[in-house]
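Enquirer: could you work out the structure for the sequence below:
(one chain, ligands or ions: 3)
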Amino acid sequence: MLESWAGINYFRNKNYGEIILSISISFICNNQLVQASLHPATTVLDFLRKHLRLIGTKEACREGDCGACTILVGELNNENVSYRSVNSCLLPLGSINGKHIVTIEGINQKELNVIQSSLLDEGGTQCGFCTPGFIMSITGYFLNSHDYNLNDLATSLDGNICRCTGYASIKRATQKITGVMNDSNPAGESRVEFLVKRGVLPEYFLHIPDRLKEIAGEKNKPYNEAVNSINFIAGGTDLFAKDAERLLEAELKFLGRQKVKPLVWNKDNLCFINAAATVSDIQSSELLQKIFPGIKNYFNSFGSLPIRNNATIGGNIVNASPIGDSIIFFLVLNARLFLSSESLNREVPLKNFYRGYKNIDKNNEEVLNYISFDIPEENGYFNFEKVSKRTYMDIATVNSAIYAEVKDGVIMHINISAGGVAPVPMLLEKTCDYLINKNITAEHIKNAAVISQSEISPIDDVRGSAGYKRLLLRQIIFAHFVKLFPVYVNVKELI
Ligand SMILES: Cc1cc2nc3c(=O)[nH]c(=O)nc-3n(C[C@H](O)[C@H](O)[C@H](O)COP(=O)(O)OP(=O)(O)OC[C@H]3O[C@@H](n4cnc5c(N)ncnc54)[C@H](O)[C@@H]3O)c2cc1C
Ligand code: FES
Ligand code: FES
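Expert: Numbers count the residues shown, from 1 in each chain. Ligands and ions are numbered 1, 2, ... in the order given. Take a look at the predicted model:
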């Protein structure tokens, strides 16, 4: 039962007699202003279905794997609202204060729009369970892209699973949609204005920026009450996939995004990334694209677009998975972490942060603020490889990155990281020591791959046997060199 005292709302938990704080939040859901007082760890999916009775958003895996619950979240960005697709099953209510939430009901109009009618006409929907999620992901794609192409549209659907159609009909529908939506918005017209004009979005979207400004203000900042909390929540993609029930009994601190611009910046020859930057943010950063031309592709294998839109770099690093993709990526760059608590600011090398399985050099009060690394030299070469059971939407069996500085075919500096082969994400130090000052030849690379086997301790698990992981690491080391240095080594010499 909801009770109130001194302006704080709370619920009495009947089972345990504990008091669980709730928080009052305001946001716009579709065309309606919603004010709610609930525990901030309530998932948006549950709130939509159980409280607002908006049951078009479907519930299936509750782990971010199927896309049935996909919605759009819009955030005020100067004069416009920027929208991203997210999994509402992993999204806490406490993170949507002052935002615009769009469900399938919110894009419905008198007539079906081109996305809806194309899916229908091409047989892209059968039982219909997945269809709202597909429609929201496609809408999110058109809200964010200017140059439409089928490949990017397919990537935006990498988190949507359909049990019925076999995908051929969905693919036909997307071809039809891109055929119709083949022109871009003229200069000076926002994406929202363009899509309203094309009948893809209802007219009320045009007024959302002003309405969000009205509800913006101190009381509508992201929920941030429990200062001594041990439950920092960033994107929530790890926490809510694993621990959604426990979080309903916990005090939480939301690490909001609004206050933390810029997300990626450089100073002198250093690059900084805010811990609150999402995987999508780093993929679309012009600075990072310049430093790592392949960054968009490397991270397309990270979850699905709705996961990448919410998963932060800070959350990935602190979650300390031995196969965390961004950890493996930044380890080879000798990245440094900047942590702070009320009493202390400190810097820790990323490679020293992991002390054992899920055991990190951080106390409960410390927040990771940003990471930094030296911008690679002109003669620096970088590559990232990930092998998983499925190409997309899967965590790695083994992943690895390499950064090498090479002069006239001689390795002057090298780091190779490896994930999934030890309790912690690791740098292959002995392997790299061997390679320093060596020419890039098939013999040296084969020797290095042998040394790497002495550094790792993989275990059998659901992602593969220890032997398979050993083999994968060897092949990935070969792949790094074949991709980066085809002038010096080719695949035939290595196998
Ligand atoms: C379907 C699915 C697919 C996934 N695929 C991948 C994948 O391909 N590759 C991969 O590496 N991971 C993957 N993940 C894992 C997850 O998405 C990432 O680890 C993500 O980066 C976590 O970020 P978050 O912001 O969601 O963290 P949260 O869930 O909010 O937090 C994770 C942990 O970090 C802590 N934390 C977060 N930010 C900070 C901070 N700034 N300071 C202190 N503590 C902090 C939290 O307290 C919590 O303990 C996947 C997850 C799901 C559900
Ligand atoms: S219910 Fe499957 S991704 Fe949310
Ligand atoms: S139409 Fe049935 S799951 Fe996609």
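Enquirer: contacts for stretch 466-486 next, please.
Expert: Stretch 466-486 has contacts (CB atoms under 8 Å, 6 or more residues apart in numbering) with 381, 383, 385, 387, 397-400, 402, 404, 406, 416, 418, 420-421, 431, 440, 445, 448-449, 452-453, 456, 458-460, 463-464, 488-491, 494-495. From N, CA and C alone the C-beta is placed, and that goes for glycine too.
Enquirer: kindly report the residues of the stretch 301-450 of the chain close to ligand 1.
Expert: By CB under 6 Å from any ligand atom, the residues of the stretch 301-450 of the chain that approach ligand 1 are 302-303, 307, 310-312, 314-316, 318-319, 324-325, 367-368, 395.
Enquirer: 5 Å instead?
Expert: Applying CB under 5 Å from any ligand atom, we find that the stretch 301-450 of the chain lies next to ligand 1 at 302-303, 307, 311-312, 314-316, 318-319, 324-325, 367-368, 395.
Enquirer: quick one: which of these is nearest ligand 2?
Expert: residue 307 (8.8 Å; CB to the nearest ligand atom).
Enquirer: from residue 36, how far out is residue 451?
Expert: Note on residue 451: its distance to residue 36, by CB to CB, to the nearest Å, is 57 Å.
Enquirer: looking at these two, which is more packed in?
Expert: residue 36 (20 against 16; other CB atoms under 10 Å).
Enquirer: in helices, which of the contacts of stretch 466-486 appear?
Expert: 431, 445, 448-449, 452-453, 491, 494 (DSSP state H).
Enquirer: which non-adjacent residue is nearest residue 195?
Expert: Once flanking residues are discounted, residue 195 sits nearest to residue 201: 4.5 Å by CB to CB, 6 or more residues apart in numbering.
Enquirer: okay, and for the stretch 101-250 of the chain, where does confidence drop off?
Expert: The stretch 101-250 of the chain contains residues with pLDDT under 70 at 217-230.
Enquirer: enumerate every residue touching the residue nearest to residue 195.
Expert: Here residue 201 is in contact with 107, 113, 139, 192, 195 (criterion: CB under 8 Å, 6+ apart).
Enquirer: just name the closest of those to ligand 2, please.
Expert: The closest of the contacts of residue 201, once distances to ligand 2 are taken by CB to the nearest ligand atom, is residue 139, at 16.7 Å.
Enquirer: which of the three states applies to that closest one?
Expert: Secondary structure, DSSP: H, G, I helix; E, B strand; the rest coil: residue 139 is helix.
Enquirer: which one of the residues in this structure is closest to ligand 1?
Expert: Closest point on the chain to ligand 1, by CB to the nearest ligand atom, is residue 315, at 2.2 Å.
Enquirer: so that residue is in which element?
Expert: helix 313-319 (DSSP states H and E).
Enquirer: contacting residues for the residue nearest the centre of the chain?
Expert: Note on the chain: the residue nearest the mean C-alpha position is residue 308, at 2.3 Å, using CA atoms, centre = their mean. Counting by CB under 8 Å, 6+ apart, residue 308 makes contact with 278-280, 283, 299, 302.
Enquirer: need the residues of the stretch 1-150 of the chain near ligand 2, please.
Expert: Going by CB under 5 Å from any ligand atom, the residues of the stretch 1-150 of the chain near ligand 2 are 60-62, 64, 66, 68-69, 87, 89.
Enquirer: next up, the contacts around the residue of the stretch 351-495 of the chain found nearest ligand 3.
Expert: Nearest residue of the stretch 351-495 of the chain to ligand 3, counting by CB to the nearest ligand atom: residue 393, 15.8 Å away. Neighbour list for residue 393: 65, 158-159, 303-304 [criterion: CB under 8 Å, 6+ apart].
Enquirer: same check on residue 245?
Expert: Residue 245 touches nothing, counting by CB under 8 Å, 6+ apart.
Enquirer: after the helix or strand it falls within, which helix or strand is next?
Expert: Per DSSP H and E, residue 245 falls inside helix 239-247. Next helix or strand after helix 239-247 toward the C-terminus (DSSP H and E): strand 252-254.
Enquirer: quick one: mean pLDDT for that next one?
Expert: Across strand 252-254, the average pLDDT comes to 81.
Enquirer: now swap in stretch 57-65 and tell me
Expert: 96.
Enquirer: which positions in that stretch come out as buried?
Expert: By neighbour count on 16 or more other CB atoms under 10 Å, the buried set for stretch 57-65 is 57-60, 62, 64-65.
Enquirer: closest to residue 249 among those residues?
Expert: The shortest gap between residue 249 and any of the buried residues of stretch 57-65 belongs to residue 62, at 17.6 Å (CB to CB).
Enquirer: quick one: the closest one from residue 264, how far?
Expert: 32 Å.
Enquirer: likewise residue 240?
Expert: 25 Å.
Enquirer: neighbour-wise, which of the two wins?
Expert: residue 240 (24 against 20).
Enquirer: and the contacts of the host helix or strand of residue 371?
Expert: Using DSSP H and E, residue 371 maps to strand 367-374. For strand 367-374, the external contacting residues (CB under 8 Å, 6+ apart) are 232, 255, 269-275, 313-314, 317-318, 330, 333-341, 350, 362.
Enquirer: list the neighbouring strands of it plus their orientation.
Expert: Strand pairing for strand 367-374, determined by DSSP bridges: strand 270-274 (antiparallel), strand 336-340 (antiparallel).
Enquirer: per-domain residue ranges of the chain.
Expert: 2-215, 261-495 (automatic domain parsing).
Enquirer: give me phi/psi at the closest residue to residue 97 other than its chain neighbours?
Expert: In space, and not counting its chain neighbours, residue 97 is closest to residue 25: 4.3 Å by CB to CB, 6+ apart. Phi and psi for residue 25, reported as degrees, to the nearest 10, are phi -130, psi 160.
Enquirer: in contact with residue 25, which residues are there?
Expert: 35-37, 40, 93-94, 96-98, 220, 223.
Enquirer: which two in those are spaced the farthest apart?
Expert: Farthest pair in the contacts of residue 25, by CB to CB: 37 and 98, 15.5 Å.
Enquirer: so between those two, which is more surrounded?
Expert: residue 98 (21 against 14).
Enquirer: could you identify the most distant pair in the residues of the stretch 301-450 of the chain next to ligand 1?
Expert: 367 and 395 (25.0 Å).
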